[in-house]
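*Asks:* Predicted structure and sequence below. I'll ask about it afterward.
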2 protein chains.
Amino acid sequence: MPVNLPAPVASSLLPIKGIKIGIASAGIKIEGKADLVLIKIAQGSTSSAVYTKNAFCAAPVTLAKQHQQQAAPHYLLINSGNANAGTGEVGMQSALRCCQAVAELAQVSVNTILPFSTGVIGQQLPVDKMTTALPTAYQNLISDNWFDAAHAIMTTDTVAKAISKQIEIDGKTITVTGMAKGSGMIRPDMATMLSYIATDAAIEQSVLDAMLNNAVEQSFNRITVDGDTSTNDACVLIATGQAANSIITSIDDKSAQLLYQLIADISQQLAHAIVRDGEGATKFIAIDVQQGLNTAECRQVAYTIAHSPLVKTALFASDPNWGRILAAVGRSGVTEFDLSKVTIYLDNVCIVKNGEPASAYTEEQGQSVMNQDEITIKVELGRGTAKDTIWTCDFSYDYVKINAEYRT
Amino acid sequence: MPVNLPAPVASSLLPIKGIKIGIASAGIKIEGKADLVLIKIAQGSTSSAVYTKNAFCAAPVTLAKQHQQQAAPHYLLINSGNANAGTGEVGMQSALRCCQAVAELAQVSVNTILPFSTGVIGQQLPVDKMTTALPTAYQNLISDNWFDAAHAIMTTDTVAKAISKQIEIDGKTITVTGMAKGSGMIRPDMATMLSYIATDAAIEQSVLDAMLNNAVEQSFNRITVDGDTSTNDACVLIATGQAANSIITSIDDKSAQLLYQLIADISQQLAHAIVRDGEGATKFIAIDVQQGLNTAECRQVAYTIAHSPLVKTALFASDPNWGRILAAVGRSGVTEFDLSKVTIYLDNVCIVKNGEPASAYTEEQGQSVMNQDEITIKVELGRGTAKDTIWTCDFSYDYVKINAEYRT
């Protein structure tokens, strides 16, 4: 059961002028289930993408990066059920053959196709199944298809993740719609498992790149489920320019800032949705580290807490065993750490004050916060003014069950 | 159920001349269960100790370090059930009061007492219970008490961990006996949860220090259950000098090397016992990383694999999902990593050869290794000649159960 994450309503997802989406069932996941998504990007759009930093990145990531350097993308081809990762030279050929099949259907150059795969690692991609199903997706390219697409890219996700927002710029209505998938192997490093966000605004390439990078830094790069950076992470931002606004050429413009904030909000909501739907999650946890020398050390402390199996199982059990948080802070590796300045809160309940157990703390107060399904762990380091926040979930029986039975 | 870890047999644990052990039930764990251990070290012994590097170290660790700098220890006082960690200034006073109680009983200086605690973090030590039980432990100091002591220091351990070995040096029989406790919050950094090893050999202080440091590096500092470095880790090595051998003054002597090997073997067996009895463990895993530029990067790769919840749950499920091992190697952060040189084995089954799936690999081969309860994951980095090995266990439902219910 995801934590406070309602399923998206189909009618709330707004089409983006210049984006068409086709869907098919290639039989990669389960016979009859949609697992193939083709996204057509209109000519004249700008697009930007960030990818996993895992050194063992998947074949589609390698190929998408190459293609993106060579040409403006016309099509994104996404499959779920198979990650095409750890598949060597055969995997590279498989990704290329799928792109070639799209290129032939659409009569475009092969390097205008960006491939994306998500699912089991280490199995060869069933290329024939994909190329057989592709014409169905191609023939069904329609604008109003984000809802089904958000479902088709799911793997261990239990809820689809998609959202739309609108603002007015220059008297024109600008729409942004985004979707994401991800639930396990989540500790993104430049992007999440897979996310696609599109707007009909006109945005210059360099501004679009900056918007994507900033938004990802504050969203997908600030979450973790299990600390396992995926081989297939990717996040794409597309601006089709069909809303007839004057093109945005600087991120500092007022309208650019309004639009950026919208994109950043959507990115953060999608990132939070991944954590809320984290494998086996029963709680949504914000870890807020303040008063650090720099944001890097704040993040280091936050991730040490977020990755501690002992903290995560205590959260699952609603046990205010704050000693485990303290032990995690202590082993986080911050240099010249003065414990006598550290203060820790569960929501607004102070548990450790200046390195000592808070005198006013009672187990009842801690229990009352721990019983909630959304909790903020706040750590004040007493060293400076930097801060950072990340989001994570707890660690339950179901996490073990889902991952022990993943391939069975 | 621990993995291939038989309980020690009382008669196999040999007393060490110069060491006496007293045991009592202070009612810290469960009423009537032994939880207090007093170890008396004869005059003229040398002793060495290493402690946790967790910045939030427990009060007894801080006090033991201070006392050790001031005087040669006469008594070690160990309690289980309460870690006296995260207890602030009150905790320091509690540890000191317990030491004072021993000092008064034994008529020795307070700084010759080293305190050790293990158990729940963040609760004040019940000093009165301890001082009430202390006279019982003191009056029962006997040589032949390692078996009961190994049981009294247990917390979530399911099996006691203790071992004895003998060799002949200078025509004299030398005995080494050691015990350890630990099962969760295990990712030692300079020592394990708690371990005490004693020998009747005569060993000079500097040689004893070197022996302990080397032995710990190859044993307790090479294991992990859950990546959580404890606040209370400590390992003590004592040489009573009562075997009448000529004092060992250089670690390079042939007899010193023989004795060191024995101590190292005992340390490694105790360290392995902690992993075999790791919380919820069903498998014992060696991770052997070879062909690195240096041992540090070998260790970095090994720990990234060992801490991956996805690898650990796949091991629990006996699922040869080697893609998760590959993904962990890829995110381990080794700089300028050439994947085309990486080869990975499950025992003697090659799964990845030069960065590509091994052509001869079959799922049946992988499954057959995964079905075992002891598995070696070998990674060849193809960068140099350095290597390192660590030991860990899998991640099961029971790990979550044990840690979710720890305080209930």
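*Replies:* Now that the structure is in, tell me what you want to look at. Numbers count the residues shown, from 1 in each chain, chains lettered A, B, ... in the order given.
*Asks:* can you give me the helices in chain A?
*Replies:* Taking DSSP state H to define them, one finds helices in chain A at A:59-70, A:88-106, A:127-139, A:146-152, A:205-217, A:254-276, A:295-307, A:309-316, A:323-330, A:363-370, A:397-404.
*Asks:* between the first one and helix A:88-106, how big is the angle?
*Replies:* In this case it means helix A:59-70. 50 degrees (axes from the mean of the first three to the mean of the last three Cα atoms, to 10 degrees).
*Asks:* From what I see, A:Ala243 and A:Ile19 are in contact.
*Replies:* No: taking contact to mean Cβ atoms under 8 Å, the distance of 12.0 Å between A:Ala243 and A:Ile19 leaves them out of contact. C-betas here are computed from N, CA, C, even on glycine.
*Asks:* Looking at the two, which one has more neighbours?
*Replies:* When A:Ala243 is set against A:Ile19 and neighbours are counted by other Cβ atoms under 10 Å in any protein chain shown, the residue ahead is A:Ile19, at 24 against 20.
*Asks:* residues in contact with A:Val207?
*Replies:* A:Ile248, A:Thr249, A:Ser250, A:Ile251, A:Ala256 (Cβ atoms under 8 Å, 6 or more residues apart in numbering or on different chains).
*Asks:* Below-threshold pLDDT in chain A: ranges please.
*Replies:* Across chain A, residues meeting the criterion (pLDDT under 70) sit at A:187-193, A:230, A:406-408.
*Asks:* about what we covered before: identify the farthest-apart pair in the contacts of A:Val207.
*Replies:* The most widely separated members of the contacts of A:Val207, counting by Cβ to Cβ, are A:Thr249 and A:Ile251 (9.2 Å).
*Asks:* Settle it for me: which of these two has more neighbours?
*Replies:* Each of A:Thr249 and A:Ile251 has its neighbours counted (other Cβ under 10 Å); A:Ile251 has more, 18 against 12.
*Asks:* Give me the phi and psi angles of the more buried one.
*Replies:* Per-residue torsions, A:Ile251: phi -70, psi -10 (degrees, to the nearest 10).
*Asks:* my guess is it meets A:Tyr260, correct?
*Replies:* Yes: distance between A:Ile251 and A:Tyr260: 6.5 Å, which falls inside the contact criterion (Cβ under 8 Å).
*Asks:* Name the residues contacting each of those two.
*Replies:* Common neighbours of A:Ile251 and A:Tyr260, using Cβ under 8 Å, 6+ apart, are A:Met211.
*Asks:* Spatially nearest residue to the residue of chain A most remote from its centre (excluding sequence neighbours)?
*Replies:* Distance from the C-alpha centroid of chain A peaks at A:Ser359, with 40.2 Å (Cα atoms, centre = their mean). Once flanking residues are discounted, A:Ser359 sits nearest to A:Lys353: 7.3 Å by Cβ to Cβ, 6 or more residues apart in numbering or on different chains.
*Asks:* can you count the residues close to the one you found?
*Replies:* For A:Lys353, the tally of surrounding residues (other Cβ under 10 Å) stands at 17.
*Asks:* Kindly report the same for the one 4 residues further on.
*Replies:* Neighbouring residues of A:Pro357 were enumerated by other Cβ under 10 Å; the total is 22.
*Asks:* Quick check: bridge partners of it?
*Replies:* A:Val352 (DSSP bridges).
*Asks:* A:Ile223 too?
*Replies:* Going by DSSP bridges, A:Ile223 forms beta bridges with A:Trp391.
*Asks:* thought it was touching A:Ala271?
*Replies:* Yes: in this structure, A:Ile223 sits in contact with A:Ala271. The criterion is Cβ under 8 Å, and the distance is 4.9 Å.
*Asks:* Between the two, tell me which one has more neighbours.
*Replies:* It is A:Ala271, of A:Ile223 and A:Ala271, that has more neighbours when counted by other Cβ under 10 Å, with 28 against 24.
*Asks:* what about stretch A:242-252, distance to the chain center?
*Replies:* 26 Å (Cα atoms, centre = their mean, to the nearest Å).
*Asks:* ok, and what's touching it?
*Replies:* Defining contact as Cβ under 8 Å, 6+ apart, one finds that stretch A:242-252 is touched by A:16-18, A:42, A:169-170, A:172-175, A:199-204, A:207, A:210-211, A:241, A:255-257, A:259-260.
*Asks:* which residues in the stretch 101-250 of chain A form strands?
*Replies:* According to DSSP state E, counting those that start in this stretch, the stretch 101-250 of chain A carries its strands in the segments A:113-120, A:161-169, A:172-181, A:194-199, A:223-224, A:234-239.
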